[in-house]
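Q: Provide a 3D model corresponding to the input given below.
(2 chains)
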Amino acid sequence: MTVSVMIVDDHPIWRDGVARDLAEHGFDVRATAADGEAALRIARTVRPDVVLMDLNLGETSGVVAARSITGELPGTRVLVLSASGDHSDVLEAVKAGASGYLVKSASVAELVDAVHRTAGGDPVFTAGLAGMVLGEYRRMADAPADGDPPPRLTERETDVLRLVAKGLTAKQIADRLVISHRTVENHVQSTLRKLQLHNRVELARYAIEHGLDRDED
Amino acid sequence: MTASPTLRDPATPLWWGTIVLRWVTLVFALAAVLVNHEGYDRPGLAWTGFSVMLVWSVVTTAAFARESTRFRWLVVVDVLLTCVVMLSSRLVLSDSQFAETGPLVTTVWASVPALTAGARFGVGGGVLAGLVMAVCTGLSRYTFDLDVARDGVLLTASGLLIGLAATTARRSQAALAQAMRTEAATAERERLARSIHDSVLQVLARVRRRGTELGGEAAELARLAGEQEIALRALVTTEPSRPAGGDADLRAALQLLATPRVQVSGPAGEVRLPAGTVDELVAATKETLSNVDRHAGPTAKAWVLLEDLGDEIVLTIRDDGPGIAQGRLEEAEKEGHLGVATSVRGRVNELGGTSTLETAPGAGTEWELRVPRPKQRRRGR
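A: Just a heads-up that it's a prediction; the model follows:
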């Protein structure tokens, strides 16, 4: 089964280049878009398996688009492909439901592998993302918000995340910690799930407190 | 930004001081003429002198209140005109009044020009005007006794002090303006570096990669793009000189070291540390990365991980190269090749931290640098 892809980037050279790379590797590139608003509109009709998205899109931010797409289209997964400097945006997009993050300097092989993993429902947990997630758990532990206690990492999850952030592959981590490859993946997924769940709870609480829940969405 | 500080005269409060003083001393002069005019030889000339002082007070108030009309020549005229009125006392006061050291027509009003000269010309102008007024006081009384000497010292000293204040104010304002320009330039440079790193470099990298794949003429273009990419990367990773004592974001500084072969990871937010600490840690990271280039081969990748533990900063630099055989490092150190390991350890020790190097043949190398966060600063987020 071919994986259908949509590419969102405001940089035409980049967009077309990625589209060609993915087409050459057997992906069905259904559509491209240059900004967040068009991305959401086109994704609603095209319903691609994977939306490959830069976050630096001007008007409607990539974070908002990523939240809307993952919220509205359960069959569509968002993979963030962004420049290295947009850390806060990347973290927000991942908390909002994006499945992973790849830097634009990644090789074609890494990109192809990442899109396949995203389509298969696995998170793309690069070293860069692991560093941010680690930092985010520490930030939340440091500045406890009112309301729900922030989620915490278990000791093993912290070990796994640190190794991912240092660039070890799942197999190398499994060898080093003497656990199975699958257990490593589970730990990684669990750290992301807790973060996304906490984010949804926080958003809902915020909406109720501010009376936003009475609106249609 | 508000109006540039260079446009405002920092001595403006001093000018306002001289204006107020001129009017207060004018009241003194009026009182002196009223009390003494019956004893004057020429009361008419005394009132004429006072009228000149009144008119001149109005003129200077109007002129010195605004920065654009604080003309040099007006200050010179101020000194000369005051001298003339003061010297006219020779004709106004009677001999008995001179004998009693009665007040001159200008009284303390004559102290103001020394102050305006100080405010306008600085120390030299203030002292010179003070001396001129002192000499005129002596000439007016036609004697140089203790009283005249005391007046002279006071006049010269006040010109000196106001001149000193004006000079100091102008100097510190120039220094402040310079510092603000430097800071703005540094911030702009950092912003540009990040922007270039995130856009232009990515496109160049892409052109290089794709061109090489296509071959032929495209490969030549790719080679050119590659050269520019390397040159530009070197340019943006050169640390700008920051004003001393400031804070800097270690996260952003490390990010500039990222290349397709070097992955930099860390918290999404800023990691603010004193600029000196940031510079040292960036330099240490650069050294270990250049070592990866030299010893781990052209295909080796490296990962930099920054962790902010609140009271401690942990920096890990790992590569997947061939690693270093047991004892090679000690051997090199014994032979006097101090090299990277010693330099990195030195930098980290200076910061009160610890460094460990883990390596084994075939398992790459991993540096872990732990540096305590300098006290009296909370985590800046």
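
Q: Wondering if stretch B:207-218 reaches chain A at all.
A: Yes: looking at stretch B:207-218 against chain A by CB under 8 Å from any CB of the partner chain, the contacts come from B:209-210. From N, CA and C alone the C-beta is placed, and that goes for glycine too.

Q: Please tell me how far that stretch is from the chain's geometric centre.
A: 49 Å (CA atoms, centre = their mean, to the nearest Å).

Q: Would you mind checking the average pLDDT for it?
A: In this model, stretch B:207-218 carries a mean pLDDT of 83.

Q: go on, stretch B:292-302?
A: Stretch B:292-302 comes out at a mean pLDDT of 80.

Q: Also stretch A:79-86?
A: For stretch A:79-86, the per-residue pLDDT averages 78.

Q: Same check on stretch B:138-153?
A: Stretch B:138-153 carries an average pLDDT of 87.

Q: Would you work out how far apart the start and end of that stretch are?
A: For stretch B:138-153, the first-to-last residue distance is 12 Å (CA to CA, to the nearest Å).

Q: Same question for stretch B:139-148.
A: Length of stretch B:139-148, first residue to last, CA to CA: 10 Å.

Q: Run the chain-centre distance for it.
A: 47 Å.

Q: ok, now stretch B:252-268?
A: The chain centroid and the centroid of stretch B:252-268 are separated by 32 Å under CA atoms, centre = their mean.

Q: Flag every buried residue along it.
A: Neighbour-count burial for stretch B:252-268, counted by 16 or more other CB atoms under 10 Å in any protein chain shown, picks out B:252-260, B:262-268.

Q: check whether that stretch contacts chain A.
A: Yes: using CB under 8 Å from any CB, stretch B:252-268 reaches chain A at B:252, B:255, B:258-260, B:263-268.

Q: ok, which stretches of the chain are strands?
A: No chain specified, so I'll use chain A. For chain A, the strands defined by DSSP state E occupy A:4-8, A:28-33, A:50-53, A:77-82, A:100-103, A:124-125.

Q: Let me rephrase: I mean chain B.
A: Under DSSP E, chain B gives strands at B:247-249, B:262-265, B:272-274, B:302-308, B:312-319, B:354-359, B:365-372.

Q: What lies in contact with stretch B:146-165?
A: B:11, B:14, B:18, B:101, B:110-111, B:114-115, B:117-119, B:121-131, B:133-135, B:137-138, B:141 (CB atoms under 8 Å, 6 or more residues apart in numbering or on different chains).

Q: With stretch B:356-373 instead?
A: Contact with stretch B:356-373 is made by A:166, B:273, B:277, B:281, B:284, B:288, B:292, B:296, B:300, B:310-326, B:329, B:341, B:344, B:348, B:351-355, B:379, as judged by CB under 8 Å, 6+ apart.

Q: got the end-to-end distance for that stretch?
A: From its first residue to its last, stretch B:356-373 covers 18 Å (CA to CA).

Q: Check which residues of that stretch are buried.
A: B:357, B:359, B:364-371, B:373.

Q: Repeat that for stretch B:170-178.
A: Buried residues in stretch B:170-178, counted by 16+ other CB under 10 Å: residue B:173.

Q: now swap in stretch A:93-101 and tell me
A: Going by 16+ other CB under 10 Å, stretch A:93-101 has these buried residues: A:93-101.

Q: try stretch A:35-50
A: A:35-40, A:42-43, A:46, A:48-50.

Q: Pull out the buried members of the contacts of stretch B:146-165.
A: Those of the contacts of stretch B:146-165 that meet the buried threshold are B:11, B:14, B:18, B:110-111, B:114-115, B:117-119, B:121-123, B:125-130, B:133-134, B:137-138, B:141, by 16+ other CB under 10 Å.

Q: Chain A next: which of those residues are close?
A: Among the buried ones among the contacts of stretch B:146-165, no residue sits close to chain A (CB under 8 Å from any CB).

Q: Mind checking which of these are in helices?
A: The helices, defined by DSSP state H, take in B:14, B:18, B:114-115, B:117-119, B:121, B:123, B:125-130, B:133-134, B:137-138, B:141 from the buried ones among the contacts of stretch B:146-165.

Q: Residue 164: neighbour count?
A: Using chain A. Applying other CB atoms under 10 Å in any protein chain shown, we find 29 other residues in the vicinity of residue A:164.

Q: think we crossed wires, I meant chain B
A: Residue crowding around residue B:164 was assessed by other CB under 10 Å; the count is 15.

Q: contacting residues around residue A:209?
A: Contacts of residue A:209 by CB under 8 Å, 6+ apart: none found.

Q: Equivalent analysis for residue A:187, please.
A: Residue A:187 sits next to A:156-157, A:160-161 when contact means CB under 8 Å, 6+ apart.

Q: repeat that with 10 Å
A: A:153-154, A:156-161, A:164, A:170, A:173, A:177, A:179 (CB atoms under 10 Å, 6 or more residues apart in numbering or on different chains).

Q: Could you identify the least confident member of these?
A: residue A:170 (88).

Q: where's it relative to residue B:261, distance?
A: Residue A:170 is 21 Å from residue B:261, where distance means CB to CB, to the nearest Å.

Q: ok, how many other residues are close to residue 66?
A: Using chain A here. By the measure other CB under 10 Å, the count of residues near residue A:66 is 30.

Q: I was after chain B.
A: 10.

Q: pretty sure it contacts residue B:15?
A: Yes: between residue B:66 and residue B:15 there is a contact under CB atoms under 10 Å: 9.4 Å.

Q: how close does the nearest residue to residue A:156 once chain neighbours are set aside get to chain B?
A: Using CB to CB, 6 or more residues apart in numbering or on different chains and skipping the chain neighbours, the partner closest in space to residue A:156 is residue A:187 (6.3 Å). The gap separating residue A:187 from chain B is 17 Å, by CB to the nearest CB, to the nearest Å.

Q: How about the longest helix out of those in chain A, which residues are buried there?
A: Under DSSP H, the helix in chain A containing the largest number of residues is helix A:181-209. For helix A:181-209, a neighbour-count test (16+ other CB under 10 Å) marks A:184-185, A:187-188, A:190-192, A:194-196, A:198-199 as buried.
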